[in-house]
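K.L.:
Predicted model and sequence below, questions to follow.
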Amino acid sequence: MRHLTTRQFIAAAASVAALALVGPAQAQSPIVIKFSHVVAPNTPKGQGADKFKELAEKYTNGKVKVEVYPNSQLYKDKEEVEALQLGAVQMLAPSLAKFGPLGVKEFEVFDLPYILPDKAALQRITTGPIGKGLLAKLEPKGIKGLAYWDNGFKIMTSNKPMHKVADFQGMKLRIQSSKVLEAQMRALGAIPQVLAFSEVYQAMQTGVVDGNENTPSNVYTQKMHEVQKHMTLSNHGYIGYAVIVNKKFWDGLPADVKPQVEKAMDEATAYANGLSQKENDDAIVAMKKAGTTTFYELKPEERAEWMKAMEPVTADMASRVGKQLIADFQKEANAKTN
Ligand code: LMR
């Protein structure tokens, strides 16, 4: 019932947005881009969105107005994608782990444990044919993919130490809505629970979940360190985003506006990707300073044990994500640059 109400609300908002597009005031009033996201403003994605707003408004001399709605203020994870398709918002940057429910499950290749050795590999993949090919898969869904924004590698958090694989046995760990992440948690012996990002802090506080995997920046800006006593700096997986727009809206942008908006997106992308590592490094420093959490670096033999436990996930998920895609991804990820 509640879901129906949300859908109805989104549909109503979409009709208002559509009316605004065809109204007589169109020539004078700015084109509004509503950019909804689920994280805090002081994260890599939050700062990327704010930079895009600043640049798009500047380069179009105010012909475009960007309204940024952070922290799930407008919509939660699943609803924001529905809202984009219905035209109630125009732009999002969901995590690559959240495209499965939309029917583009190939993005979950990014969720495979240890698939990205470093940020150079990420750069090669997102700017090359694999990254472009994945974005193109969104078009039949009425969505245009504009860019990849980086966040970073994930850590594990909970109220008890997680050093050995046996420590995960029976732990309820929150995940994003990705079948690969579900398989990964099961491979560790944990019980995965899909929850919207905005619900994680409270779920930890009330014991609905024991912990989660996320980037240090997300953990810190959601204050999860207040309710999680232990963090393992495992870097076992990756979180990044695809910046997406409603295709109909994008295709309908006037020719004197679109190049400026594209320029703003290119520069906001470089900006966001340039600060992601530092944001995550700073988040760890800040959480250490807060003193509420114990941080743990895996010993080489522990890391090897984690990798071994998660290794079957890649083969098990091949039928979902695509065997060829995984092979191409691994080849590019491990290619030597010189
Ligand atoms: C999460 O749900 O944990 C992340 O995808 C949130 C985000 O957008 O970084």
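P.N.:
Sure thing, it's come through. Only a predicted model underlies this, so the values are computations on that prediction, with no experimental measurement involved.
K.L.:
Only C-alpha atoms from now on, for both contacts and neighbour counts.
P.N.:
Fine.
K.L.:
Quick check: residues of the stretch 1-150 of the chain near the ligand?
P.N.:
Applying Cα under 6 Å from any ligand atom, we find that the stretch 1-150 of the chain lies next to the ligand at 38-39, 94-95.
K.L.:
give me that answer again for 8 Å
P.N.:
Residues of the stretch 1-150 of the chain found near the ligand (Cα under 8 Å from any ligand atom) are 37-39, 45, 77, 93-98.
K.L.:
my guess is residue 232 meets residue 159, correct?
P.N.:
No: Residue 232 is beyond contact range of residue 159, at 11.1 Å (criterion: Cα atoms under 8 Å).
K.L.:
Name the next helix or strand downstream of the longest strand belonging to the chain, please.
P.N.:
In the chain, with assignment by DSSP state E, the single longest strand is strand 143-153. Using DSSP states H and E, the helix or strand that follows strand 143-153 in sequence is strand 155-158.
K.L.:
which other residues reach that following strand?
P.N.:
Residues from elsewhere that reach strand 155-158 (Cα atoms under 8 Å, 6 or more residues apart in numbering): 162, 210-216, 228-236.
K.L.:
and the ligand, which of those reach it?
P.N.:
Restricting the contacts of strand 155-158 to those touching the ligand (Cα under 8 Å from any ligand atom) yields 213-215.
K.L.:
quick one: which of those sit in helices?
P.N.:
Among those, no member is found in helices (DSSP state H).
K.L.:
Which parts of the stretch 201-338 of the chain are helices?
P.N.:
Along the stretch 201-338 of the chain, the segments classed as helices by DSSP state H, counting those that start in this stretch run 216-221, 247-251, 258-290, 300-310, 312-316, 318-321, 323-333.
K.L.:
I meant to write the stretch 1-150 of the chain there.
P.N.:
In the stretch 1-150 of the chain, helices defined by DSSP H, counting those that start in this stretch lie at 2-22, 44-59, 77-86, 119-127, 129-136, listed in chain order.
K.L.:
and the ones you listed, which one is worst for confidence?
P.N.:
Looking at these, the lowest mean pLDDT belongs to helix 2-22 (a mean of 52).
K.L.:
contact partners of the longest strand of the chain?
P.N.:
Outside strand 143-153, the residues within contact range by Cα under 8 Å, 6+ apart are 44-45, 85, 93, 126, 135-136, 138-139, 214-215, 235-247, 250, 265-266, 269, 272-273, 276-277, 280.
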